[in-house]
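1. Here is my input; please provide its structure:
(3 chains)
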Amino acid sequence: MVSKIKDPGASIDTPWLVFDNLPIWDEVLYLGRRVVWPRGARIRGPGDPAHGIFLIRSGLIKVSAVSREGMLRTLWLMGAGSVLGEAALLSGKPYRHEISVMEPAEAHEFPEPVVMRELLEKYPALSRQLLVNIAAKSYIGSSQLEDAVFLNGPQRVARLLYGLDQVHRSSSLPVSHLAIAEMLGLHRVTVSNAIGLLRRAGFLDETTHGIRVADPDGLAAYAQDPSGGH
DNA sequence: GCATTAATTCTGT
DNA sequence: ACAGAATTAATGC
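-> Okay, the predicted model is just below:
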């Protein structure tokens, strides 16, 4: 082992994109159109052409990779302030992921010509935001790969819950055991058991249904050393 | 807006 | 795989 690295900014590689700079988009909203999606809606799927980008303004979107056999692996969640579809648009390729709605969402769609001739050309702050958005996805990808290699199941659940709590900051987390399992590549039951373990250890509230983090530091410590230092 | 109910999803073993 | 709990969507007031 090289060295244990303390994680100073968990939110940057937590698979949940949320940004608090929605206001910087206000002046260009007229260039796009408002879109509303109900819970469970399928927004895009593999192979769908990318005609523009979506600015998520509220709600929660799930982005997943799908195998030919139908296996699902969630890559990240997207909330307010995040941008969807920019990677597909800028690479000139179709969507490769299954994108669906977990919590009713509202977005603003900007067609390709607007993105290319207006947003990227005339609004540096928005261009920067697109880079931040892609950077976050990049870090999420590499972090997930590291975790999958170096940590066991309960550790990964602990680390994810820690990160989600850092992002969410209040009330209970809006993710089910199944959603967590899809993010970590674990079986749902494994996640339920891990959560039970973390709950008994005192890191999570006892309440059933709805996960509330009671001891973030404890969670982080467990993720690094499940033996509790013994 | 609010209560009731039917259908679906979630959780813990 | 199962069963009880919880959540959501639909319906009628």
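
2. domain assignment for chain A?
-> The record's domain parsing of chain A by the TED database lists A:16-141, A:151-224.

3. which stretch among those domains comes nearest DNA strand B?
-> domain A:151-224 (3.3 Å; CB to the nearest atom of the strand). In this view, the C-beta of every residue, glycine as well, is placed from N, C-alpha and C.

4. quick one: is the closest one near DNA strand B?
-> Yes - using CB under 7 Å from any atom of the strand, domain A:151-224 reaches DNA strand B at A:176-179, A:188-189, A:192-193, A:195-196, A:208-211.

5. I'd like the domains of chain A written out as TSV, with mean pLDDT and distance to residue A:230 added.
-> Below are the domains of chain A laid out as TSV (pLDDT from 0 to 100; distance: least, CB to CB, whole Å):
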stretch	mean pLDDT	distance to residue A:230
domain A:16-141	96	32
domain A:151-224	93	12
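
6. Mind putting these into TSV with mean neighbour count?
-> TSV is the format used below for those (neighbours: other CB atoms under 10 Å):
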stretch	mean neighbour count
domain A:16-141	17
domain A:151-224	18
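
7. Mind putting the ones you listed into JSON lines with distance to DNA strand C?
-> Shown next, in JSON lines, are those (distance: least, CB to the nearest atom of the strand, whole Å):
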{"stretch": "domain A:16-141", "distance to DNA strand C": "4"}
{"stretch": "domain A:151-224", "distance to DNA strand C": "4"}
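
8. Show which residues not belonging to stretch A:218-230 make contact with it.
-> Residues outside stretch A:218-230 that contact it (CB atoms under 8 Å, 6 or more residues apart in numbering) are A:4, A:7, A:10, A:151-152, A:154-156, A:158-159, A:161-162, A:165, A:198, A:201-204, A:213.

9. mind redoing it with 10 Å?
-> A:4-7, A:10, A:147, A:151-152, A:154-163, A:165-166, A:197-198, A:201-204, A:213, A:215 (CB atoms under 10 Å, 6 or more residues apart in numbering).

10. hmm, back to that, so which of the residues of domain A:151-224 next to DNA strand B sit within helices?
-> A:177, A:178, A:179, A:188, A:189, A:192, A:193, A:195, A:196 (DSSP state H).

11. how about the helices in chain A?
-> Under DSSP H, chain A gives helices at A:86-91, A:112-114, A:120-122, A:124-150, A:153-168, A:177-184, A:188-200, A:216-224.

12. Make a markdown table out of those helices and add distance to residue A:77.
-> Compiled in a markdown table, those are given as follows (distance: least, CB to CB, whole Å):
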| stretch | distance to residue A:77 |
| --- | --- |
| helix A:86-91 | 16 |
| helix A:112-114 | 25 |
| helix A:120-122 | 26 |
| helix A:124-150 | 10 |
| helix A:153-168 | 8 |
| helix A:177-184 | 8 |
| helix A:188-200 | 15 |
| helix A:216-224 | 18 |
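
13. Tell me the gap between stretch A:214-221 and the middle of its chain.
-> Distance of stretch A:214-221 from the chain centroid (CA atoms, centre = their mean, to the nearest Å) equals 20 Å.

14. ditto for stretch A:68-80
-> On CA atoms, centre = their mean, the centre of stretch A:68-80 falls 9 Å from the chain's centre.

15. I appreciate the help and will end here.
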